[in-house]
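A.B. asks: 3D, please:
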Amino acid sequence: MRRWLFGVACAALIASALCDTTVNAGTAVFRPNGDPVSPAWLRYDGATNWGIINQTGTNTDNYICRNGNTATDLYDLTDEFVGQGATSITVKTYAAMARTILIVGNDQVSLTATVNGTPVGTAVSSVPSSTILSLLPSCPGTLLDLIGWTYGWATPASYTGLWSQADMNSMKLSLGKIQVGGTADPIRVVRAEVEVGYIDPPSLEQPAYRVYANTNTVTPGVALAATNTPADVTNNDALRVRMGTKVLSGENWRANYGSVKLQYAQKAASCATTSGWGDVSSSSGVIRWQNNAAVADGAAISSYVNDPVTGGTVTYQQYRESNNATAPIATPVGQTALWDFSLVTVGGSPGQTYCLRLVPTSGAMPLSYSQYPEITLTGDLGVSIVDATGVVVSSPSVSFGAALSGQTCQQTTGTLGTSSQRVRISNYLVKNGWSASIAATGGSSANWSSGSTGYAYNKSDGSPPGCTYGQLTLQPASATISPSVGCLVTGISMGSNASFMQGSTDAITLANASSSSQRFCYWDMTNVVALQRIPPGLPAGVYSLDLTITVVAQ
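C.D. replies: Purely as a prediction, here's the structure:
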(Lines give C-alpha, C1' and ligand atoms only; values in the text may rest on other atoms or scores of the structure.)
Protein backbone atom coordinates (compact mmCIF):
# COMPACT_ATOMS: atom_id res chain seq x y z
CA MET A 1 0.00 0.00 0.00
CA ARG A 2 1.35 3.38 -0.93
CA ARG A 3 1.17 6.14 1.68
CA TRP A 4 2.11 9.79 1.46
CA LEU A 5 3.97 11.30 4.40
CA PHE A 6 2.74 14.85 4.55
CA GLY A 7 4.91 17.52 6.08
CA VAL A 8 8.09 15.71 5.11
CA ALA A 9 8.39 15.90 1.35
CA CYS A 10 5.12 17.62 0.64
CA ALA A 11 6.02 20.27 -1.89
CA ALA A 12 5.20 18.04 -4.83
CA LEU A 13 1.73 17.33 -3.52
CA ILE A 14 0.45 20.37 -1.72
CA ALA A 15 1.36 23.97 -1.05
CA SER A 16 4.62 24.51 0.76
CA ALA A 17 2.84 25.87 3.83
CA LEU A 18 1.95 22.32 4.74
CA CYS A 19 5.60 21.63 5.36
CA ASP A 20 5.34 23.76 8.50
CA THR A 21 6.39 21.40 11.26
CA THR A 22 3.60 22.74 13.52
CA VAL A 23 1.00 21.17 11.23
CA ASN A 24 -0.01 17.68 12.22
CA ALA A 25 -1.09 15.38 9.44
CA GLY A 26 -2.32 11.90 8.85
CA THR A 27 -3.91 9.51 6.41
CA ALA A 28 -7.04 7.42 6.46
CA VAL A 29 -7.97 4.52 4.21
CA PHE A 30 -11.56 3.81 3.15
CA ARG A 31 -12.89 0.70 1.45
CA PRO A 32 -16.34 -0.03 -0.01
CA ASN A 33 -18.78 -2.03 2.03
CA GLY A 34 -21.47 -2.85 -0.52
CA ASP A 35 -22.89 -2.56 -3.98
CA PRO A 36 -22.16 0.64 -5.95
CA VAL A 37 -25.86 1.38 -6.22
CA SER A 38 -25.82 1.96 -2.45
CA PRO A 39 -22.68 4.09 -2.16
CA ALA A 40 -20.77 3.72 1.06
CA TRP A 41 -17.20 3.54 2.26
CA LEU A 42 -15.99 2.35 5.61
CA ARG A 43 -12.88 3.55 7.30
CA TYR A 44 -10.42 0.68 7.11
CA ASP A 45 -9.43 -0.54 10.56
CA GLY A 46 -6.65 -2.90 9.57
CA ALA A 47 -8.75 -6.02 9.08
CA THR A 48 -7.72 -8.33 6.28
CA ASN A 49 -11.12 -8.67 4.65
CA TRP A 50 -12.05 -6.55 1.68
CA GLY A 51 -15.32 -4.86 1.07
CA ILE A 52 -17.57 -6.29 -1.60
CA ILE A 53 -17.71 -4.81 -5.07
CA ASN A 54 -20.84 -6.21 -6.66
CA GLN A 55 -22.31 -4.66 -9.78
CA THR A 56 -26.02 -5.51 -9.85
CA GLY A 57 -27.64 -7.05 -12.89
CA THR A 58 -26.05 -9.94 -14.75
CA ASN A 59 -22.66 -9.52 -13.13
CA THR A 60 -23.06 -11.02 -9.68
CA ASP A 61 -19.60 -12.33 -8.92
CA ASN A 62 -18.51 -9.44 -6.70
CA TYR A 63 -16.64 -7.35 -9.22
CA ILE A 64 -17.16 -4.48 -11.64
CA CYS A 65 -16.98 -5.45 -15.28
CA ARG A 66 -16.60 -3.07 -18.24
CA ASN A 67 -16.60 -3.98 -21.92
CA GLY A 68 -16.97 -0.53 -23.42
CA ASN A 69 -15.14 2.73 -22.93
CA THR A 70 -17.79 4.59 -20.93
CA ALA A 71 -16.74 5.30 -17.36
CA THR A 72 -18.67 3.73 -14.49
CA ASP A 73 -19.03 5.46 -11.13
CA LEU A 74 -17.99 3.07 -8.42
CA TYR A 75 -18.67 4.69 -5.07
CA ASP A 76 -19.22 7.92 -3.17
CA LEU A 77 -17.26 8.69 -0.05
CA THR A 78 -19.87 9.52 2.60
CA ASP A 79 -20.20 10.22 6.31
CA GLU A 80 -16.65 9.49 7.33
CA PHE A 81 -14.82 12.65 8.30
CA VAL A 82 -11.09 12.19 8.57
CA GLY A 83 -9.77 15.49 9.83
CA GLN A 84 -10.04 19.24 9.76
CA GLY A 85 -9.24 19.52 6.07
CA ALA A 86 -8.35 17.00 3.38
CA THR A 87 -5.02 17.73 1.71
CA SER A 88 -5.01 14.98 -0.91
CA ILE A 89 -6.84 11.92 -2.13
CA THR A 90 -5.31 8.81 -3.61
CA VAL A 91 -7.82 6.50 -5.31
CA LYS A 92 -6.78 2.94 -6.04
CA THR A 93 -8.18 -0.13 -7.76
CA TYR A 94 -6.98 -3.65 -8.17
CA ALA A 95 -8.00 -4.44 -11.75
CA ALA A 96 -7.71 -7.21 -14.32
CA MET A 97 -8.14 -7.32 -18.09
CA ALA A 98 -9.04 -10.26 -20.33
CA ARG A 99 -7.44 -9.76 -23.80
CA THR A 100 -9.54 -10.91 -26.76
CA ILE A 101 -6.77 -10.75 -29.36
CA LEU A 102 -3.06 -10.18 -29.39
CA ILE A 103 -2.40 -6.83 -31.03
CA VAL A 104 0.25 -4.19 -30.98
CA GLY A 105 -0.53 -2.00 -28.01
CA ASN A 106 -2.70 -2.68 -25.00
CA ASP A 107 -6.07 -1.44 -23.84
CA GLN A 108 -5.74 0.74 -20.78
CA VAL A 109 -7.59 1.10 -17.51
CA SER A 110 -8.42 4.69 -16.48
CA LEU A 111 -9.29 5.70 -12.96
CA THR A 112 -10.73 9.18 -12.29
CA ALA A 113 -11.62 10.95 -9.06
CA THR A 114 -14.13 13.82 -9.02
CA VAL A 115 -14.91 16.28 -6.23
CA ASN A 116 -18.16 18.25 -6.49
CA GLY A 117 -18.53 16.88 -10.03
CA THR A 118 -15.15 18.17 -11.22
CA PRO A 119 -12.36 15.74 -12.16
CA VAL A 120 -9.36 16.24 -9.92
CA GLY A 121 -7.12 13.35 -10.97
CA THR A 122 -6.86 10.57 -13.51
CA ALA A 123 -4.50 7.62 -13.72
CA VAL A 124 -4.03 5.25 -16.66
CA SER A 125 -2.51 1.76 -16.54
CA SER A 126 -1.68 -0.67 -19.34
CA VAL A 127 -1.81 -4.45 -19.49
CA PRO A 128 1.74 -5.82 -19.55
CA SER A 129 2.61 -6.30 -23.25
CA SER A 130 4.72 -9.36 -22.61
CA THR A 131 1.71 -11.43 -21.62
CA ILE A 132 0.13 -13.65 -24.34
CA LEU A 133 -3.58 -14.01 -23.68
CA SER A 134 -6.21 -16.35 -25.01
CA LEU A 135 -9.39 -15.33 -26.81
CA LEU A 136 -12.30 -14.45 -24.46
CA PRO A 137 -15.62 -13.71 -26.15
CA SER A 138 -17.23 -11.64 -23.40
CA CYS A 139 -17.05 -10.32 -19.87
CA PRO A 140 -16.98 -11.98 -17.42
CA GLY A 141 -14.25 -14.41 -18.37
CA THR A 142 -11.12 -15.88 -16.93
CA LEU A 143 -8.89 -13.30 -15.25
CA LEU A 144 -5.71 -13.51 -17.26
CA ASP A 145 -3.91 -10.27 -16.49
CA LEU A 146 -3.89 -8.69 -13.03
CA ILE A 147 -2.95 -5.10 -13.59
CA GLY A 148 -2.41 -4.50 -9.90
CA TRP A 149 -2.89 -1.22 -8.13
CA THR A 150 -3.97 1.62 -10.38
CA TYR A 151 -3.53 5.06 -8.81
CA GLY A 152 -5.17 8.43 -9.21
CA TRP A 153 -4.42 11.33 -6.93
CA ALA A 154 -5.13 15.01 -6.53
CA THR A 155 -4.57 17.91 -4.16
CA PRO A 156 -6.58 21.07 -3.53
CA ALA A 157 -5.43 24.31 -5.05
CA SER A 158 -3.89 25.82 -1.93
CA TYR A 159 -3.40 25.39 1.77
CA THR A 160 -6.36 27.65 2.54
CA GLY A 161 -8.51 25.66 0.11
CA LEU A 162 -8.40 22.35 1.93
CA TRP A 163 -11.25 20.05 1.07
CA SER A 164 -14.04 20.03 3.62
CA GLN A 165 -16.28 17.19 4.78
CA ALA A 166 -18.87 18.23 2.19
CA ASP A 167 -16.21 18.06 -0.54
CA MET A 168 -15.18 14.60 0.56
CA ASN A 169 -18.80 13.48 0.68
CA SER A 170 -19.15 14.46 -2.98
CA MET A 171 -16.08 12.56 -4.14
CA LYS A 172 -16.65 9.80 -6.67
CA LEU A 173 -14.32 7.21 -8.11
CA SER A 174 -14.95 6.33 -11.77
CA LEU A 175 -13.61 3.34 -13.69
CA GLY A 176 -13.07 3.64 -17.44
CA LYS A 177 -11.19 1.95 -20.28
CA ILE A 178 -9.20 3.31 -23.16
CA GLN A 179 -9.42 1.02 -26.17
CA VAL A 180 -6.31 0.42 -28.24
CA GLY A 181 -6.97 -1.29 -31.56
CA GLY A 182 -10.24 -2.46 -33.03
CA THR A 183 -11.34 -4.96 -30.43
CA ALA A 184 -12.39 -4.04 -26.90
CA ASP A 185 -11.02 -6.04 -24.01
CA PRO A 186 -13.19 -6.53 -20.91
CA ILE A 187 -11.79 -5.38 -17.59
CA ARG A 188 -12.74 -6.11 -14.03
CA VAL A 189 -12.17 -4.33 -10.73
CA VAL A 190 -12.11 -6.64 -7.76
CA ARG A 191 -10.85 -4.23 -5.11
CA ALA A 192 -10.96 -0.50 -4.52
CA GLU A 193 -9.97 1.95 -1.85
CA VAL A 194 -9.46 5.64 -1.22
CA GLU A 195 -6.64 7.06 0.85
CA VAL A 196 -7.23 10.57 2.18
CA GLY A 197 -4.45 12.77 3.51
CA TYR A 198 -5.63 15.33 6.02
CA ILE A 199 -4.59 17.91 8.54
CA ASP A 200 -5.08 16.75 12.10
CA PRO A 201 -7.87 18.64 13.87
CA PRO A 202 -7.10 21.17 16.58
CA SER A 203 -7.60 20.20 20.19
CA LEU A 204 -10.32 22.43 21.64
CA GLU A 205 -11.43 23.43 25.14
CA GLN A 206 -14.54 25.21 26.42
CA PRO A 207 -12.88 27.60 28.89
CA ALA A 208 -15.18 30.57 29.52
CA TYR A 209 -18.73 31.87 29.37
CA ARG A 210 -21.00 34.61 30.66
CA VAL A 211 -24.79 34.94 30.78
CA TYR A 212 -26.67 38.15 29.93
CA ALA A 213 -30.13 39.56 29.58
CA ASN A 214 -31.39 39.53 26.01
CA THR A 215 -31.60 42.55 23.73
CA ASN A 216 -32.88 42.93 20.18
CA THR A 217 -29.36 43.93 19.05
CA VAL A 218 -26.16 42.09 18.21
CA THR A 219 -24.76 43.13 21.60
CA PRO A 220 -26.25 41.41 24.64
CA GLY A 221 -27.76 43.20 27.61
CA VAL A 222 -26.65 43.51 31.22
CA ALA A 223 -24.56 40.66 32.57
CA LEU A 224 -26.54 38.43 34.95
CA ALA A 225 -23.44 36.97 36.60
CA ALA A 226 -19.66 37.17 36.48
CA THR A 227 -17.48 35.16 34.08
CA ASN A 228 -17.82 31.41 34.58
CA THR A 229 -20.54 31.94 37.20
CA PRO A 230 -23.95 30.22 37.08
CA ALA A 231 -26.74 32.70 36.47
CA ASP A 232 -30.38 32.93 37.48
CA VAL A 233 -32.77 33.32 34.56
CA THR A 234 -36.45 34.09 34.89
CA ASN A 235 -38.48 31.14 33.70
CA ASN A 236 -40.00 31.63 30.23
CA ASP A 237 -37.67 34.52 29.42
CA ALA A 238 -35.00 35.23 26.77
CA LEU A 239 -31.29 35.35 27.53
CA ARG A 240 -27.92 35.50 25.84
CA VAL A 241 -24.82 33.41 26.45
CA ARG A 242 -21.37 34.28 25.17
CA MET A 243 -19.10 31.26 25.28
CA GLY A 244 -15.69 30.52 23.91
CA THR A 245 -13.81 27.60 22.42
CA LYS A 246 -10.05 27.78 22.86
CA VAL A 247 -7.62 26.12 20.44
CA LEU A 248 -5.19 24.27 22.70
CA SER A 249 -2.99 22.54 20.14
CA GLY A 250 -2.83 21.13 16.64
CA GLU A 251 -3.83 23.07 13.56
CA ASN A 252 -5.51 26.47 13.52
CA TRP A 253 -9.27 26.33 13.40
CA ARG A 254 -10.26 27.51 9.93
CA ALA A 255 -13.45 28.55 8.21
CA ASN A 256 -14.10 25.46 6.12
CA TYR A 257 -13.13 23.02 8.82
CA GLY A 258 -15.46 21.32 11.26
CA SER A 259 -18.29 23.12 13.03
CA VAL A 260 -19.71 22.93 16.54
CA LYS A 261 -23.30 22.84 17.79
CA LEU A 262 -24.91 23.90 21.04
CA GLN A 263 -26.46 21.30 23.34
CA TYR A 264 -28.17 21.43 26.73
CA ALA A 265 -29.22 19.05 29.49
CA GLN A 266 -30.76 19.31 32.93
CA LYS A 267 -27.96 19.26 35.48
CA ALA A 268 -27.29 16.13 37.51
CA ALA A 269 -24.73 16.10 40.33
CA SER A 270 -22.50 18.23 38.08
CA CYS A 271 -22.48 19.29 34.45
CA ALA A 272 -19.54 16.96 33.84
CA THR A 273 -21.57 13.94 34.98
CA THR A 274 -24.80 15.03 33.31
CA SER A 275 -26.31 12.80 30.62
CA GLY A 276 -29.23 13.17 28.24
CA TRP A 277 -27.74 16.02 26.21
CA GLY A 278 -29.83 17.24 23.29
CA ASP A 279 -29.34 19.77 20.51
CA VAL A 280 -30.90 23.17 21.06
CA SER A 281 -33.80 23.61 18.60
CA SER A 282 -36.26 26.35 17.73
CA SER A 283 -39.43 24.35 18.32
CA SER A 284 -39.00 22.06 21.32
CA GLY A 285 -37.22 21.67 24.63
CA VAL A 286 -36.84 23.84 27.70
CA ILE A 287 -33.87 25.68 26.16
CA ARG A 288 -34.64 26.95 22.66
CA TRP A 289 -33.31 29.39 20.10
CA GLN A 290 -34.60 32.94 20.45
CA ASN A 291 -35.24 34.90 17.26
CA ASN A 292 -34.39 38.57 17.65
CA ALA A 293 -36.01 40.23 14.66
CA ALA A 294 -33.49 43.06 14.38
CA VAL A 295 -30.43 40.76 14.30
CA ALA A 296 -29.53 38.37 11.49
CA ASP A 297 -28.58 34.85 12.42
CA GLY A 298 -24.84 34.56 11.76
CA ALA A 299 -24.14 38.28 12.17
CA ALA A 300 -20.57 39.14 13.11
CA ILE A 301 -20.02 40.05 16.75
CA SER A 302 -17.42 42.35 18.26
CA SER A 303 -15.86 43.17 21.59
CA TYR A 304 -18.21 44.00 24.47
CA VAL A 305 -17.16 45.60 27.74
CA ASN A 306 -18.77 42.76 29.69
CA ASP A 307 -17.28 39.93 27.64
CA PRO A 308 -16.28 36.78 29.54
CA VAL A 309 -12.67 36.83 30.66
CA THR A 310 -10.82 34.25 28.58
CA GLY A 311 -7.24 35.03 29.65
CA GLY A 312 -5.99 35.53 26.10
CA THR A 313 -6.69 36.84 22.63
CA VAL A 314 -10.24 36.44 21.36
CA THR A 315 -11.40 35.97 17.78
CA TYR A 316 -14.98 37.21 17.59
CA GLN A 317 -17.15 34.86 15.54
CA GLN A 318 -20.94 35.06 15.18
CA TYR A 319 -24.29 35.78 16.80
CA ARG A 320 -26.24 32.53 16.53
CA GLU A 321 -29.95 31.69 16.59
CA SER A 322 -29.41 28.19 15.23
CA ASN A 323 -26.93 25.34 14.99
CA ASN A 324 -24.26 24.90 13.61
CA ALA A 325 -21.42 27.30 14.40
CA THR A 326 -18.34 27.40 12.19
CA ALA A 327 -15.30 29.59 12.66
CA PRO A 328 -15.41 32.20 9.86
CA ILE A 329 -12.49 33.96 11.51
CA ALA A 330 -9.44 31.68 11.68
CA THR A 331 -8.49 31.01 15.30
CA PRO A 332 -4.81 30.22 15.93
CA VAL A 333 -3.52 27.94 18.64
CA GLY A 334 -3.74 29.65 22.03
CA GLN A 335 -6.64 31.92 21.07
CA THR A 336 -10.34 31.63 21.86
CA ALA A 337 -13.18 31.71 19.34
CA LEU A 338 -16.19 33.47 20.91
CA TRP A 339 -19.85 33.12 19.95
CA ASP A 340 -22.99 34.86 21.15
CA PHE A 341 -25.98 32.51 21.49
CA SER A 342 -29.55 33.84 21.67
CA LEU A 343 -31.79 31.57 23.75
CA VAL A 344 -35.14 31.42 25.52
CA THR A 345 -36.46 29.15 28.27
CA VAL A 346 -39.86 27.55 27.66
CA GLY A 347 -41.96 25.46 30.02
CA GLY A 348 -39.37 24.68 32.66
CA SER A 349 -39.92 24.68 36.41
CA PRO A 350 -38.32 27.12 38.85
CA GLY A 351 -35.36 25.48 40.52
CA GLN A 352 -34.26 23.46 37.49
CA THR A 353 -30.64 24.02 36.47
CA TYR A 354 -29.44 23.44 32.91
CA CYS A 355 -25.94 22.98 31.52
CA LEU A 356 -24.77 24.05 28.06
CA ARG A 357 -21.93 22.71 25.95
CA LEU A 358 -20.54 22.83 22.45
CA VAL A 359 -19.80 19.58 20.64
CA PRO A 360 -18.21 19.00 17.22
CA THR A 361 -20.84 18.70 14.51
CA SER A 362 -18.38 17.39 11.99
CA GLY A 363 -14.77 16.52 12.31
CA ALA A 364 -12.79 14.54 14.79
CA MET A 365 -11.97 17.58 16.91
CA PRO A 366 -11.28 16.63 20.51
CA LEU A 367 -13.16 19.07 22.75
CA SER A 368 -12.71 19.19 26.52
CA TYR A 369 -14.63 21.21 29.12
CA SER A 370 -13.14 23.26 31.91
CA GLN A 371 -16.36 25.31 32.15
CA TYR A 372 -20.01 24.59 31.41
CA PRO A 373 -22.48 27.49 31.26
CA GLU A 374 -25.15 26.96 33.92
CA ILE A 375 -28.53 28.67 34.14
CA THR A 376 -31.05 28.17 36.92
CA LEU A 377 -34.70 28.92 36.24
CA THR A 378 -36.29 31.20 38.82
CA GLY A 379 -39.87 32.14 39.63
CA ASP A 380 -41.42 34.40 42.27
CA LEU A 381 -41.05 35.26 45.92
CA GLY A 382 -44.61 35.42 47.19
CA VAL A 383 -47.30 34.55 49.69
CA SER A 384 -50.74 33.01 49.30
CA ILE A 385 -53.48 31.40 51.38
CA VAL A 386 -54.00 27.76 50.36
CA ASP A 387 -56.12 24.85 51.49
CA ALA A 388 -54.84 21.44 52.61
CA THR A 389 -54.29 20.35 48.99
CA GLY A 390 -52.35 23.49 48.06
CA VAL A 391 -55.18 25.14 46.12
CA VAL A 392 -55.35 28.91 46.56
CA VAL A 393 -58.30 30.09 48.68
CA SER A 394 -60.07 32.85 46.77
CA SER A 395 -61.49 34.77 49.75
CA PRO A 396 -59.49 33.91 52.89
CA SER A 397 -60.57 35.15 56.31
CA VAL A 398 -59.85 34.86 60.03
CA SER A 399 -62.87 34.37 62.24
CA PHE A 400 -62.87 35.78 65.76
CA GLY A 401 -65.12 34.58 68.53
CA ALA A 402 -68.34 36.50 69.17
CA ALA A 403 -68.40 39.10 71.97
CA LEU A 404 -71.41 40.57 73.81
CA SER A 405 -71.84 44.30 73.47
CA GLY A 406 -71.57 45.83 76.91
CA GLN A 407 -70.07 48.43 79.18
CA THR A 408 -66.75 46.66 79.76
CA CYS A 409 -63.67 45.99 77.63
CA GLN A 410 -63.67 42.55 76.05
CA GLN A 411 -61.14 40.41 74.16
CA THR A 412 -61.92 38.02 71.31
CA THR A 413 -59.60 35.41 69.77
CA GLY A 414 -58.97 34.09 66.24
CA THR A 415 -56.35 32.03 64.42
CA LEU A 416 -54.37 33.16 61.41
CA GLY A 417 -53.42 30.02 59.47
CA THR A 418 -55.67 27.01 59.86
CA SER A 419 -55.59 23.57 58.23
CA SER A 420 -57.89 24.81 55.48
CA GLN A 421 -56.40 28.31 55.18
CA ARG A 422 -52.62 28.05 55.46
CA VAL A 423 -50.28 30.98 54.98
CA ARG A 424 -47.90 29.70 52.26
CA ILE A 425 -44.63 31.58 51.71
CA SER A 426 -42.87 30.53 48.48
CA ASN A 427 -39.30 31.40 47.59
CA TYR A 428 -38.36 30.53 44.01
CA LEU A 429 -36.23 33.61 43.52
CA VAL A 430 -33.98 35.16 46.17
CA LYS A 431 -30.75 33.77 47.63
CA ASN A 432 -30.27 36.11 50.57
CA GLY A 433 -33.42 35.39 52.51
CA TRP A 434 -36.77 37.07 52.97
CA SER A 435 -39.08 38.62 55.53
CA ALA A 436 -42.87 38.17 55.82
CA SER A 437 -45.03 40.73 57.63
CA ILE A 438 -48.69 41.65 58.02
CA ALA A 439 -50.31 45.10 58.11
CA ALA A 440 -53.69 46.71 57.65
CA THR A 441 -54.49 47.08 53.97
CA GLY A 442 -55.82 50.58 54.55
CA GLY A 443 -52.80 51.72 56.51
CA SER A 444 -52.49 52.90 60.11
CA SER A 445 -55.69 54.97 59.90
CA ALA A 446 -57.87 51.95 59.03
CA ASN A 447 -60.51 50.67 61.48
CA TRP A 448 -62.61 47.64 62.21
CA SER A 449 -65.89 48.61 60.59
CA SER A 450 -69.51 47.57 60.49
CA GLY A 451 -71.47 49.89 58.26
CA SER A 452 -70.77 53.43 59.48
CA THR A 453 -69.54 52.24 62.88
CA GLY A 454 -65.89 51.44 63.54
CA TYR A 455 -63.17 51.12 66.15
CA ALA A 456 -59.38 50.98 66.14
CA TYR A 457 -57.05 48.01 65.77
CA ASN A 458 -53.90 49.88 66.79
CA LYS A 459 -54.48 51.98 69.93
CA SER A 460 -52.86 50.97 73.21
CA ASP A 461 -54.87 53.29 75.48
CA GLY A 462 -56.61 51.88 78.51
CA SER A 463 -56.09 49.18 81.06
CA PRO A 464 -55.63 46.50 79.97
CA PRO A 465 -53.89 48.12 76.96
CA GLY A 466 -56.21 48.65 74.01
CA CYS A 467 -59.43 48.71 76.00
CA THR A 468 -60.24 52.33 75.31
CA TYR A 469 -60.21 52.25 71.50
CA GLY A 470 -59.26 48.70 70.46
CA GLN A 471 -55.97 46.94 69.70
CA LEU A 472 -54.98 43.80 67.71
CA THR A 473 -52.20 41.52 68.96
CA LEU A 474 -50.54 38.70 66.94
CA GLN A 475 -48.47 35.85 68.41
CA PRO A 476 -46.30 34.31 65.62
CA ALA A 477 -43.60 33.18 68.05
CA SER A 478 -45.49 30.01 68.91
CA ALA A 479 -46.91 29.37 65.41
CA THR A 480 -46.22 26.24 63.37
CA ILE A 481 -44.23 26.38 60.11
CA SER A 482 -43.95 23.33 57.85
CA PRO A 483 -41.61 23.08 54.80
CA SER A 484 -42.45 21.49 51.46
CA VAL A 485 -41.18 18.01 50.67
CA GLY A 486 -37.39 17.90 50.48
CA CYS A 487 -36.99 21.26 52.19
CA LEU A 488 -36.03 22.31 55.71
CA VAL A 489 -36.74 25.14 58.14
CA THR A 490 -33.02 25.89 58.45
CA GLY A 491 -32.41 29.62 58.56
CA ILE A 492 -36.07 30.48 59.24
CA SER A 493 -37.15 32.16 62.48
CA MET A 494 -40.61 33.16 63.64
CA GLY A 495 -41.47 36.75 64.42
CA SER A 496 -41.98 38.07 67.94
CA ASN A 497 -45.40 38.48 69.52
CA ALA A 498 -46.49 42.09 69.08
CA SER A 499 -49.44 44.48 69.12
CA PHE A 500 -50.24 47.02 66.43
CA MET A 501 -49.50 50.57 67.61
CA GLN A 502 -50.28 53.51 65.35
CA GLY A 503 -47.11 55.21 64.12
CA SER A 504 -44.69 52.81 65.80
CA THR A 505 -45.84 49.27 65.00
CA ASP A 506 -47.79 49.50 61.77
CA ALA A 507 -46.65 46.04 60.61
CA ILE A 508 -45.87 42.84 62.53
CA THR A 509 -43.22 40.40 61.34
CA LEU A 510 -44.53 36.85 60.93
CA ALA A 511 -41.27 35.15 59.91
CA ASN A 512 -37.72 35.86 58.73
CA ALA A 513 -35.42 33.76 56.54
CA SER A 514 -31.66 34.26 56.40
CA SER A 515 -29.27 33.54 53.52
CA SER A 516 -28.82 30.03 54.92
CA SER A 517 -32.45 29.19 54.12
CA GLN A 518 -33.28 27.29 50.98
CA ARG A 519 -34.48 28.48 47.62
CA PHE A 520 -37.10 26.70 45.53
CA CYS A 521 -39.14 25.74 48.58
CA TYR A 522 -42.34 26.83 50.27
CA TRP A 523 -43.39 26.88 53.91
CA ASP A 524 -46.92 26.69 55.35
CA MET A 525 -47.57 28.73 58.47
CA THR A 526 -50.46 27.90 60.81
CA ASN A 527 -51.66 28.66 64.35
CA VAL A 528 -50.76 32.34 64.65
CA VAL A 529 -52.95 33.42 67.56
CA ALA A 530 -54.76 36.76 67.05
CA LEU A 531 -56.20 38.72 70.04
CA GLN A 532 -58.43 41.76 69.59
CA ARG A 533 -59.38 44.16 72.43
CA ILE A 534 -62.91 45.54 71.93
CA PRO A 535 -63.80 48.84 73.60
CA PRO A 536 -67.08 49.10 75.59
CA GLY A 537 -70.32 50.57 74.24
CA LEU A 538 -70.01 49.45 70.60
CA PRO A 539 -73.24 48.82 68.67
CA ALA A 540 -73.85 45.21 67.75
CA GLY A 541 -72.63 44.23 64.26
CA VAL A 542 -70.24 42.17 62.19
CA TYR A 543 -66.96 44.06 62.13
CA SER A 544 -64.20 43.47 59.55
CA LEU A 545 -60.67 44.70 58.89
CA ASP A 546 -58.66 44.00 55.72
CA LEU A 547 -55.09 42.84 56.33
CA THR A 548 -52.31 42.23 53.78
CA ILE A 549 -49.38 39.82 54.16
CA THR A 550 -46.25 40.92 52.35
CA VAL A 551 -43.00 39.00 51.73
CA VAL A 552 -39.90 40.89 50.60
CA ALA A 553 -36.30 39.95 49.87
CA GLN A 554 -33.75 40.68 52.56
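A.B. asks: where does this structure have its least confident helix or strand?
C.D. replies: Every helix and strand of the chain was ranked by mean pLDDT, DSSP states H and E. The lowest is strand 145-154, at a mean of 53.
A.B. asks: C-terminal to it, what's the next element?
C.D. replies: Reading on from strand 145-154 to the C-terminus, the next helix or strand found by DSSP states H and E is helix 165-170.
A.B. asks: Now do that next one: distance to the chain's middle.
C.D. replies: Using C-alpha atoms, centre = their mean, to the nearest Å, we find the averaged C-alpha position of helix 165-170 to lie 26 Å away from the chain's own average C-alpha position.
A.B. asks: Strand partners (parallel or antiparallel) of the helix or strand L377 falls within?
C.D. replies: Assignment of secondary structure by DSSP H and E places L377 within strand 374-378. Paired strands of strand 374-378, with direction, are strand 231-234 (parallel), strand 353-360 (antiparallel) (DSSP bridges).
A.B. asks: residue ranges of the strands in the stretch 351-500 of the chain, please?
C.D. replies: 353-360, 367-369, 374-378, 381-386, 410-416, 422-427, 434-440, 448-450, 453-455, 471-475, 480-483, 492-494, 498-499 (DSSP state E, counting those that start in this stretch).
A.B. asks: between those strands, which gets nearest to R320?
C.D. replies: Ranking the strands of the stretch 351-500 of the chain by their distance to R320 (criterion: C-beta to C-beta) puts strand 353-360 first, at 10.6 Å. No exception for glycine: its C-beta is placed from N, CA and C like everyone else's.
A.B. asks: can you list the weak-confidence ranges in the chain?
C.D. replies: 1-25, 32-85, 94-107, 123-161, 165, 175, 180-191, 255-258, 362-364 (pLDDT under 70).
A.B. asks: domains of it?
C.D. replies: Domain ranges of the chain: 16-199, 203-378, 381-553, per automatic domain parsing.
A.B. asks: which parts of stretch 260-279 are buried?
C.D. replies: Neighbour counts using 16 or more other C-beta atoms under 10 Å place 260-265, 267, 271, 274 of stretch 260-279 among the buried residues.
A.B. asks: next one: stretch 542-554
C.D. replies: Of the residues in stretch 542-554, 543, 545, 547, 549, 551 count as buried by neighbour count, 16+ other C-beta under 10 Å.
A.B. asks: So the first one is in contact with A456, correct?
C.D. replies: No: taking C-beta atoms under 8 Å as the definition, Y543 is not a contact partner of A456, at 11.3 Å.
A.B. asks: what do those two both touch?
C.D. replies: With contacts taken as C-beta atoms under 8 Å, 6 or more residues apart in numbering, the residues that reach both Y543 and A456 are W448.
A.B. asks: The stretch 101-250 of the chain: strands as residue ranges?
C.D. replies: Listed from the start of the chain, the stretch 101-250 of the chain has strands (DSSP E, counting those that start in this stretch) covering 108-115, 118-126, 145-154, 172-178, 187-199, 203-206, 209-213, 231-234, 238-249.
A.B. asks: want to throw the ones you listed into JSON lines with mean neighbour count and distance to A439?
C.D. replies: Formatted as JSON lines, the strands of the stretch 101-250 of the chain follow (neighbours: other C-beta atoms under 10 Å; distance: least, C-beta to C-beta, whole Å):
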{"stretch": "strand 108-115", "mean neighbour count": "21", "distance to A439": "78"}
{"stretch": "strand 118-126", "mean neighbour count": "16", "distance to A439": "81"}
{"stretch": "strand 145-154", "mean neighbour count": "18", "distance to A439": "83"}
{"stretch": "strand 172-178", "mean neighbour count": "21", "distance to A439": "81"}
{"stretch": "strand 187-199", "mean neighbour count": "23", "distance to A439": "72"}
{"stretch": "strand 203-206", "mean neighbour count": "21", "distance to A439": "50"}
{"stretch": "strand 209-213", "mean neighbour count": "22", "distance to A439": "33"}
{"stretch": "strand 231-234", "mean neighbour count": "20", "distance to A439": "28"}
{"stretch": "strand 238-249", "mean neighbour count": "23", "distance to A439": "36"}
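A.B. asks: which one of the ones you listed lies closest to S445?
C.D. replies: Comparing the strands of the stretch 101-250 of the chain under C-beta to C-beta, the one sitting nearest is strand 231-234, at 37.1 Å.
A.B. asks: Touching the closest one from outside, list them.
C.D. replies: Strand 231-234 is contacted by residues 211, 224-225, 239, 345, 374-379, 429 when judged by C-beta under 8 Å, 6+ apart.
A.B. asks: give me that answer again for 7 Å
C.D. replies: Contacts with strand 231-234, where a contact means C-beta atoms under 7 Å, 6 or more residues apart in numbering, come from 211, 224-225, 239, 345, 375-378.
A.B. asks: quick one: which of the residues you listed is nearest C355?
C.D. replies: Proximity of the contacts of strand 231-234 to C355 (C-beta to C-beta) peaks at I375, which lies at 8.5 Å.
A.B. asks: Would you quantify the distance from the closest one to N458?
C.D. replies: 46 Å (C-beta to C-beta, to the nearest Å).
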